[in-house]
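> give the three-dimensional model of this entry:
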Amino acid sequence: MSSFFAMLDRMKYISRWALMRNSRTESLSEHAQRTAWLAHALAVLRNRRFGGSVDPERAALLALFHDSPEAMTGDLPTPVKYYSEDVREAYRTVEEHAARQLLEMLPKDLREDYAPLLFPSQEDAALWIIVKAADTLCAYLKCLEETRAGNREFAIAAAQTRRKLTDMALPELDAFLTEFVPAFERTLDEMRTAN
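Numbering: from 1, shown residues only. As a prediction, this is how the structure comes out:
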């Protein structure tokens, strides 16, 4: 009996943004799904508009699994995770151990198929840049959602995260920020009537 998928399913119980008051709780499962959509979109934009040749489906798949070890570790808040290089290195070790444990939950004949989803490989390096951009974009959208709901708790995080996105200097990310992000601040009725 394999517990791999049952363990991943528990991501729905893990809340993100634990150090901040949230107007709406976001689960790790929601985050993974949103990050997958965004990674796919960024990869498509790169290919269509900026001369790229990356695999959007592979980007989405990597994004879907990018936080899988947190099914076992929980979500460590960013200020804690990046407090110091020592803390970051220790957490990286914990995440790698959790990823190994997850992989070992699979039957042996399936492990080689899932290992690249849990452990970044050099052949997917370009896609992991897109996944990181999508992950950060996902955080920014959460900040916008919270500030739009009147939660000032996320105002500074929104500004800091927006700067991170700009500093990434990815044309596909800049295009997404310009063309798609403004709609996230619209109401349902505004979205329905917009061109």
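> just want the most central residue of this structure.
residue 135 (2.9 Å; CA atoms, centre = their mean).
> what about that residue, helix or strand, and which?
Element membership of residue 135 [criterion: DSSP states H and E] is helix 125-148.
> against which helices or strands is that helix packed?
Secondary-structure packing of helix 125-148 (3 or more CB pairs under 8 Å, 6 or more residues apart in numbering; DSSP states H and E): helix 28-49, helix 56-65, helix 155-167, helix 171-179. C-beta: built from backbone N, CA, C; applies to glycine.
> chain center to that helix, what's the gap?
Put simply, helix 125-148 sits 6 Å off its chain's centre (CA atoms, centre = their mean, to the nearest Å).
> what do you get for stretch 123-134?
11 Å.
> and if you look at stretch 73-91?
16 Å.
> turn the helices and strands packed on helix 125-148 into CSV, columns for mean pLDDT and distance to residue 143.
Below are the helices and strands packed on helix 125-148 laid out as CSV (pLDDT from 0 to 100; distance: least, CB to CB, whole Å):
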stretch, mean pLDDT, distance to residue 143
helix 28-49, 97, 13
helix 56-65, 97, 19
helix 155-167, 95, 4
helix 171-179, 97, 13
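> format the ones you listed as a markdown table; extra columns: mean neighbour count and distance to residue 127.
Listed next are the helices and strands packed on helix 125-148 as a markdown table, based on neighbours: other CB atoms under 10 Å; distance: least, CB to CB, whole Å:
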| stretch | mean neighbour count | distance to residue 127 |
| --- | --- | --- |
| helix 28-49 | 21 | 7 |
| helix 56-65 | 22 | 5 |
| helix 155-167 | 15 | 18 |
| helix 171-179 | 16 | 12 |
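> of the ones you listed, which is nearest residue 17?
helix 155-167 (8.6 Å; CB to CB).
> which of the helices and strands packed on helix 125-148 sits closest to residue 146?
The nearest among those, by CB to CB, is helix 155-167 at 8.0 Å.
> which helices and strands does that closest one pack with?
With 3+ CB pairs under 8 Å, 6+ apart as the test, helix 155-167 has helix 125-148, helix 171-179 packed against it.
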